[in-house]
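Trainee: okay, here's the prediction I keep looking at, along with the sequence it came from:
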Amino acid sequence: MTYADILLLFGSGLLAGAINALAGGGTIFTFSALVAIGLPPVTANATSALSVLPGQIASTTAYRREIAAAFRRLLPFSIISAIGGILGGLLLLNTDEGAFRALVPFLILFATILFMLAPRIASFGEGLAARRKSDAPGALATGLQGLVAIYGGYFGAGMGIMMLASLSLTEGRDFHALNAAKNWLACIMQGLAVVVFIVSGAIDYRAVAVVATASILGGWGSVVVGRLVPQRMIRWFVIATGLGLSCWYFIR
């Protein structure tokens, strides 16, 4: 890697760490930076997944009490998330580089649209929660979570937003319960996908060292960013960047 590559990766990691802590969607930046320095798209995606995992685990530990209290209820979701994450990781590794490269603009556009519609998705989830008759995961909620898990293992960007709908079926409107469940299940699906990537040798560890370090620093610095920049501006920055990147990949 050149010094310019390191600076690009470090900058994307800082940005992703801060944005993930404040609004979500930071994976778009790390993945795009890894592709920009010349990594094949599949390797870039696998490397990005490992790079952001420490931050995901750190944010999950903050909810350890909520997770412990809901563990029995979340067990079916945890199992389906583990299976889906592994399947998604295997699906990625068995996707031809050329085919995945062709999918990249669609995946980034899909993640950007999800991010754009996040408030409406949350409202939809609340509507489902209001009509639920039981906290037990039913076939619909489990099936939705399984699809989210496969997507999370395959690409990941936007999976947290997708879980706002599926988890509202069991976690209701309690923000902390919903966020705790989302973080816990995201760790499971992406953690097991990362294991698949590591075993297969699809990781660029030099890039991981730079991006992971920067993303942790970005997460710590998110408090400062959150005070200086309104969250609405951060959201629109992510949306504009996602749309711009998807257009760029479509043109390429």
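Mentor: Okay, I see it.
Trainee: which residue is the nearest non-sequential neighbour of Gly85?
Mentor: Spatially, and ignoring its direct neighbours in sequence, Gly85 is nearest to Met189 (3.3 Å; Cβ to Cβ, 6 or more residues apart in numbering). C-beta: built from backbone N, CA, C; applies to glycine.
Trainee: elements contacting whichever strand or helix holds the one you found?
Mentor: Using DSSP states H and E, Met189 sits within helix 175-200. Where contact means 3 or more Cβ pairs under 8 Å, 6 or more residues apart in numbering; DSSP states H and E, helix 175-200 is packed against helix 41-61, helix 64-93, helix 139-154, helix 159-171.
Trainee: CSV please, covering the ones you listed and showing distance to Gly17.
Mentor: Output for these, formatted as CSV (distance: least, Cβ to Cβ, whole Å):
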stretch, distance to Gly17
helix 41-61, 6
helix 64-93, 21
helix 139-154, 19
helix 159-171, 15
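Trainee: how about CSV for these, with mean neighbour count added?
Mentor: Shown next, in CSV, are the helices and strands packed on helix 175-200 (neighbours: other Cβ atoms under 10 Å):
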stretch, mean neighbour count
helix 41-61, 22
helix 64-93, 19
helix 139-154, 22
helix 159-171, 24
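Trainee: do you know which of the ones you listed lies nearest Phe197?
Mentor: helix 41-61 (3.9 Å; Cβ to Cβ).
Trainee: now do the closest one and helix 64-93, the angle between them.
Mentor: Interaxial angle of helix 41-61 relative to helix 64-93 (axes from the mean of the first three to the mean of the last three Cα atoms, to 10 degrees): 170 degrees.
Trainee: only alpha carbons, please: show helix 41-61 as CSV.
Mentor: The C-alpha trace of helix 41-61 is given here as CSV (Å, rounded to 0.1, in the frame of the first residue of the first chain):
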residue,chain,number,x,y,z
PRO,A,41,-14.7,-6.3,-4.5
VAL,A,42,-15.2,-9.6,-2.7
THR,A,43,-11.9,-9.2,-0.8
ALA,A,44,-12.8,-5.5,-0.1
ASN,A,45,-16.2,-6.6,1.3
ALA,A,46,-14.7,-9.3,3.5
THR,A,47,-12.0,-7.0,4.7
SER,A,48,-14.5,-4.2,5.5
ALA,A,49,-16.7,-6.7,7.5
LEU,A,50,-13.7,-7.6,9.7
SER,A,51,-12.6,-4.0,10.1
VAL,A,52,-15.9,-2.7,11.5
LEU,A,53,-16.5,-5.8,13.7
PRO,A,54,-14.5,-4.6,16.7
GLY,A,55,-16.7,-1.4,16.9
GLN,A,56,-19.8,-3.5,16.5
ILE,A,57,-18.7,-5.7,19.4
ALA,A,58,-17.8,-2.7,21.6
SER,A,59,-21.3,-1.1,21.1
THR,A,60,-22.9,-4.5,21.9
THR,A,61,-21.2,-4.9,25.2
